[in-house]
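Chemist: can you look at this prediction? I've put the sequence above it.
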Amino acid sequence: METQYFTLNPDPDSDAEATSLAIAAAARAIQMGGLVAFPTETVYGLGANATDAEAVAKIYVAKQRALNDPLIVHCALDAAALRAPADALARQEIAGVLSAQQRERVVALVQRFWPGPLTLVLPRGARIPPNVTAGLDSVAVRMPDHAVALALIRASDVPIAAPSANRFGHVSPTTAQHVRDDLDGRIDMVLDGGATAIGVESTVLDLTQDPPAILRPGGLARAEIERVIGSVGAGEQGSRGEGEKGREGEEAAQVSPGLLSKHYAPRARLRVVRDTAELLRQRSHAAAQGLRVGLLVMASQREACAGLMPQYVLGQDLASVARNLYAGLRALDSAGVDVILVSEVERAGIGEAIADRLRRGAA
Ligand code: AMP
Ligand code: MG
C-alpha cells in the first residue's frame, strides 16, 4: 500500500484549510478501518478505530507486534466530560463499571492531568473489542495533549487505539521521519506534526489494583501522581487477570508488556555507564577491540567528549534528554555503530522513565 504523508503546520492559524483537509482525510481513513500515524505530546502513535476489531488487528500486522501486547485507547473528552470523566468513560463504554474508589481516583487524576501523558488502566468497557486489550478485561486509556491528535479523534468520532508507531522492538518514533523509516508502505497515512515535545511514552497507572501501581514509568512523574492519590506501587508485578502470570522472562506472562526487556532497544549494543570518566574509559576499551562506538552525551559532557565521533548531544536537563533520547538512539544506529555508550541519569521526575528505557535498551 502507498502511505500518504500530510505535513501539518504546528501553528493552527497559518494554514487552517490545509490542516482541516488533512484531518478530515485522516478521520475518513480511521472510519474506513485504516491505519493513521499521528503525533502526540509523548511519541507518534499508530491509530485505528478502537471499536473496530478488524481495524485494530491491522495495527498488530503493520507493527509486527506480539498479539499479547495490549494497546492504549486514546480519547478526547470535552469540557463537561473532563469534569465528570468516570461517567463519561462509562457512558462511552470505553471503561466498564468502576468501584467508588476507582471513580474517585479517575476524577482526581483526570481533572489534574488530562489531557496529558498519563494512561489509566481501568475495567474494560463493552465497546472495546478484546484484541485492543490483548484479551485482558482491563483497558488502558488516555487523552493526549496534542492539537492534531485531539482533532483527529474528534473528527473520527470514535476512540482511537494506538500503540507507538514503530516496528515491534524498535524504539518509539518521535518524528514523522522515524515513522516513515519503520512503517512506510504498511499504513495508510502519516500526519506530520513535527517532533514530539516529551519524547518518552506515557506513564501507565493501573487503577484496577489497590493501591494503584505504575506499570510503566513515563512522561508524568511518579511524585506528581502521588501528590494527588497518595503512594502508588512500583508495578513490576501488577494485575493481569487470573492465571496469566507465568514464568519470569516469558513475554506472554508479562504484566505490562511495555515492561518487556526487549522493548526500546536500539540495534547496537547499549551500555549505561556511571560517569564521564567511565564513558571515556569504555570508549577507548571498545575502540581498541575494533568496535565502532557512538556516544550519547549530556551537554555537560561535550567538552570532555569533544571530537569523539559519532556522538549525539541529548541536552542539559532531564526534559531535553527525554525529548532527544530516541532520536539519538536511532541516529547512532543509522551511523552503523556497534556500541552506544551513555551515562546514567538521575532518577528524579522524568529521569525515572529515562533510566527505565536505558536499562531496558541495555538488557
Ligand atoms: P505502546 O503504546 O506501544 O507503548 O504500548 C502500550 C502499552 O500500554 C503496553 O505495552 C502496556 O505496557 C500498556 N498497557 C496497555 N493496555 C494495558 C492493560 N490493559 N493492562 C496493562 N498494561 C497495559
Ligand atoms: Mg511501543
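Modeler: Sure thing, it's come through. Residues are numbered from 1 along each chain as shown. Ligands and ions are numbered 1, 2, ... in the order given.

Chemist: okay, now the unreliable bits of the stretch 251-363 of the chain?
Modeler: 251-264 (pLDDT under 70).

Chemist: nope, the stretch 1-150 of the chain is what I was after
Modeler: Within the stretch 1-150 of the chain, the stretches with pLDDT under 70 are 10-14.

Chemist: mind running it again at 90?
Modeler: For the stretch 1-150 of the chain, residues meeting the criterion pLDDT under 90 lie at 9-20, 66.

Chemist: need the helices for it, in chain order.
Modeler: Taking DSSP state H, counting those that start in this stretch as the test, the helices found in the stretch 1-150 of the chain are 16-31, 53-63, 79-83, 85-91, 100-113, 147-156.

Chemist: hmm, who's touching the shortest one?
Modeler: Contact partners of helix 79-83, identified using C-beta atoms under 8 Å, 6 or more residues apart in numbering, comprise 87-88, 110-111, 114. Where C-beta positions appear, they are placed from N, C-alpha and C, glycine not excepted.

Chemist: 10 Å instead, please
Modeler: Under the contact criterion C-beta atoms under 10 Å, 6 or more residues apart in numbering, helix 79-83 has outside partners 75-77, 87-89, 91-92, 107, 110-111, 114-115, 143.

Chemist: quick one, which of these are buried?
Modeler: 75-77, 87-89, 92, 107, 110, 114-115, 143 (16 or more other C-beta atoms under 10 Å).

Chemist: only alpha carbons, please: show stretch 39-54 as PDB.
Modeler: The C-alpha coordinates for stretch 39-54 follow below in PDB (Å, rounded to 0.1, in the frame of the first residue of the first chain):
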ATOM      1  CA  PRO A  39       1.700  13.000  16.700                       C
ATOM      2  CA  THR A  40       1.000  13.100  20.400                       C
ATOM      3  CA  GLU A  41       2.900  15.000  23.100                       C
ATOM      4  CA  THR A  42       4.800  11.800  24.100                       C
ATOM      5  CA  VAL A  43       5.600   9.800  20.900                       C
ATOM      6  CA  TYR A  44       3.900   9.200  17.500                       C
ATOM      7  CA  GLY A  45       1.000   6.800  17.700                       C
ATOM      8  CA  LEU A  46      -0.300   4.300  15.100                       C
ATOM      9  CA  GLY A  47      -4.100   4.700  15.300                       C
ATOM     10  CA  ALA A  48      -7.100   2.600  14.300                       C
ATOM     11  CA  ASN A  49     -10.800   2.800  15.300                       C
ATOM     12  CA  ALA A  50     -10.700   1.300  18.800                       C
ATOM     13  CA  THR A  51     -14.300  -0.100  18.400                       C
ATOM     14  CA  ASP A  52     -13.500  -2.000  15.200                       C
ATOM     15  CA  ALA A  53     -11.700  -5.300  15.900                       C
ATOM     16  CA  GLU A  54     -10.700  -5.700  12.200                       C
END
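
Chemist: in it, which residues are buried?
Modeler: 39-52.

Chemist: just the element for G294, please.
Modeler: Secondary structure from DSSP states H and E places G294 in strand 293-298.

Chemist: keeping just the C-alphas, turn that strand into CSV.
Modeler: Extracted in CSV, the C-alpha atoms of strand 293-298 (Å, rounded to 0.1, in the frame of the first residue of the first chain):
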residue,chain,number,x,y,z
VAL,A,293,31.4,3.4,19.3
GLY,A,294,28.7,6.1,19.4
LEU,A,295,28.2,8.4,22.3
LEU,A,296,25.0,9.9,23.7
VAL,A,297,26.3,12.8,25.7
MET,A,298,24.8,15.3,28.1
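
Chemist: so that it lines up with my notes, have the first residue be 637 from now on.
Modeler: New numbering, starting at 637: the last item is strand 929-934.

Chemist: tell me the one among the buried residues of stretch 675-690 nearest to ligand 1.
Modeler: For the buried residues of stretch 675-690, the closest approach to ligand 1 (C-beta to the nearest ligand atom) belongs to G681, at 6.9 Å.

Chemist: I figured the closest one hits A785, correct?
Modeler: Yes: G681 lies in contact with A785 (C-beta atoms under 10 Å); the separation is 7.2 Å.

Chemist: list residues touching both of these two?
Modeler: Listed as contacting both G681 and A785 by C-beta under 10 Å, 6+ apart are 674-675, 710, 796, 798.

Chemist: from these, list the ones also adjacent to ligand 1.
Modeler: When these are filtered against ligand 1 using C-beta under 6 Å from any ligand atom, no residues are retained.

Chemist: can you count the residues close to A999?
Modeler: 12 (other C-beta atoms under 10 Å).

Chemist: go on, F642?
Modeler: By other C-beta under 10 Å, the residues close to F642 number 20.

Chemist: that one pairs with what?
Modeler: Here F642 sits in beta bridges with L827, going by DSSP bridges.

Chemist: from E914, how far off is it?
Modeler: 45 Å (C-beta to C-beta, to the nearest Å).

Chemist: also V949?
Modeler: Look at V949 and E914: by C-beta to C-beta, they are 19 Å apart.

Chemist: about what we covered before: any chance of the contacts of helix 715-719 in CSV, plus distance to ligand 1?
Modeler: Shown next, in CSV, are those (distance: C-beta to the nearest ligand atom, whole Å):
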residue, distance to ligand 1
C711, 14
A712, 17
L713, 19
D723, 21
A724, 19
L725, 14
R727, 20
Q728, 17
V743, 20
V746, 17
Q747, 22
W750, 16
P751, 16
M779, 14
